[in-house]
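Colleague: Below is the structure, and that's it, no one-letter string:
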Ligand SMILES: C[S@@+](CC[C@H](N)C(=O)[O-])C[C@H]1O[C@@H](n2cnc3c(N)ncnc32)[C@H](O)[C@@H]1O
């Protein structure tokens, strides 16, 4: 399938997506405690996905599904996650809601968790969300979720994508979509004036200016998404949280952004935009790690939009 997608899909990116999920869930969890946050930093959901730690995350599940949408869900809710990646968002929901029927959609199966082949309530669809969905799926979902598709959409594609995802909803069903607002992450910040930021800032600048017009300005993207919601849905709400909401998450948030920058570099090399040079990738990773150690960090916001299909 032809596709425009700025990140790569190797094992490192798979780990990063799962790591990122922890960070996101933590941001939107008002009760999660700092001990858990520390544990989360070392937690690999693939290695021990049914540990006490995911139990704790599930006790905070209100933050994964917006409370307005949660309140509307029937006991046997049918939920779709579009651009599901590893399927981590659905896997978390499956644990505490075994009666939910969960469908992950992605244009690639490269990162999907093996449980999607073996579990009766977890289904995977190879599917391009820019194309019409199969007629038998239209109007069948209580909740459709999307997260972090910023790298997959051009400016003119946001509103049609929202409209297309809405076709999957039952009347009265909810669409929930979270995107990062990278505006504060345009500049690598310093905890100390002596901290070094040169390599990190240079790679960030290259990624942001890669000329693909995929990384639009944050306000443009968020405006486009809000407009899309306004056109297709009613009762639209927006929540905004900062990666600094829990200050102890600063390191984990920075790690996520380091991963984005490295992933984009690898993807530019894989696509021939830059010379393939694995040593350079390793060097950049080491330099950025050293800069982070010296006090370089990034902050960003997460915006969550939720809206209801009329009916
Ligand atoms: C950054 S990942 C986010 C994964 C997941 N939503 C999460 O938050 O963990 C973006 C995902 O969108 C998928 N994707 C990109 N373009 C797509 C398209 N046109 N249709 C369906 N999925 C797409 C990618 O394959 C990737 O798995």
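Modeller: Received, thanks. Worth saying up front: this structure is predicted, and the values here are computed from it rather than measured.
Colleague: For residue 81, report the pLDDT, please.
Modeller: With respect to pLDDT, residue 81 scores 97.
Colleague: Ok, the one 3 residues further on next?
Modeller: Confidence per residue is given as pLDDT, and for residue 84 that number is 92.
Colleague: name the element it belongs to?
Modeller: In the assignment (DSSP states H and E), residue 84 maps to no helix and no strand.
Colleague: Could you tell me which residues make contact with it?
Modeller: Residues in contact with residue 84, defined by C-beta atoms under 8 Å, 6 or more residues apart in numbering, are 90, 104-106, 112, 124. For the C-beta atoms, the positions are set from N, CA and C on the backbone; glycine is no exception.
Colleague: Can you tell me which of the residues you listed is nearest residue 237?
Modeller: Sorting those by distance to residue 237 puts residue 90 at the head of the list, at 22.3 Å, by C-beta to C-beta.
Colleague: quick one: pLDDT of that closest one?
Modeller: You'll see residue 90 listed with a pLDDT of 92.
Colleague: Could you list the buried residues of stretch 267-277?
Modeller: 267-269 (16 or more other C-beta atoms under 10 Å).
Colleague: In stretch 251-259, which residues are buried?
Modeller: Judged by neighbour count using 16+ other C-beta under 10 Å, the buried positions of stretch 251-259 are 252-259.
Colleague: Is residue 81 located within a helix, as I assumed?
Modeller: No. Counting by DSSP: H, G, I helix; E, B strand; the rest coil, residue 81 is located in no helix; its state is strand.
Colleague: Quick check, residue 311 in contact with residue 172.
Modeller: Yes. Counting by C-beta atoms under 8 Å, residue 311 does reach residue 172; the two are 5.2 Å apart.
Colleague: Next SSE downstream of the helix or strand bottoming out on mean pLDDT in the chain?
Modeller: Between all helices and strands in the chain, the lowest mean by mean pLDDT, DSSP states H and E belongs to helix 52-59, at a mean of 31. From helix 52-59 onward toward the C-terminus, using DSSP H and E, the following helix or strand is helix 67-72.
Colleague: got the buried residues for that following helix?
Modeller: The neighbour-count check on helix 67-72 (16+ other C-beta under 10 Å) flags 69-70, 72 as buried.
Colleague: Touching it from outside, list them.
Modeller: Residues from elsewhere that reach helix 67-72, judged by C-beta under 8 Å, 6+ apart: 61-62, 142-143, 172-174, 176, 235, 237, 306, 308.
Colleague: if we go to 6 Å?
Modeller: Residues outside helix 67-72 that contact it (C-beta atoms under 6 Å, 6 or more residues apart in numbering): 143, 174, 176, 306.
Colleague: Residue 198 and residue 106: what is the separation?
Modeller: Remark: distance between residue 198 and residue 106 (C-beta to C-beta, to the nearest Å) = 36 Å.
Colleague: and the two? which has more neighbours close in?
Modeller: In this view residue 198 and residue 106 are compared by other C-beta atoms under 10 Å, and residue 106 has more residues nearby, 23 against 11.
Colleague: Show me the helices in the protein, by range?
Modeller: Applying DSSP state H to the chain gives helices spanning 11-27, 34-41, 52-59, 67-72, 88-96, 115-118, 158-166, 198-208, 218-232, 250-270, 278-294.
Colleague: Distance to the ligand added to those helices, as a markdown table?
Modeller: Formatted as a markdown table, the helices of the chain follow (distance: least, C-beta to the nearest ligand atom, whole Å):
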| stretch | distance to the ligand |
| --- | --- |
| helix 11-27 | 4 |
| helix 34-41 | 15 |
| helix 52-59 | 14 |
| helix 67-72 | 16 |
| helix 88-96 | 5 |
| helix 115-118 | 13 |
| helix 158-166 | 9 |
| helix 198-208 | 14 |
| helix 218-232 | 14 |
| helix 250-270 | 9 |
| helix 278-294 | 19 |
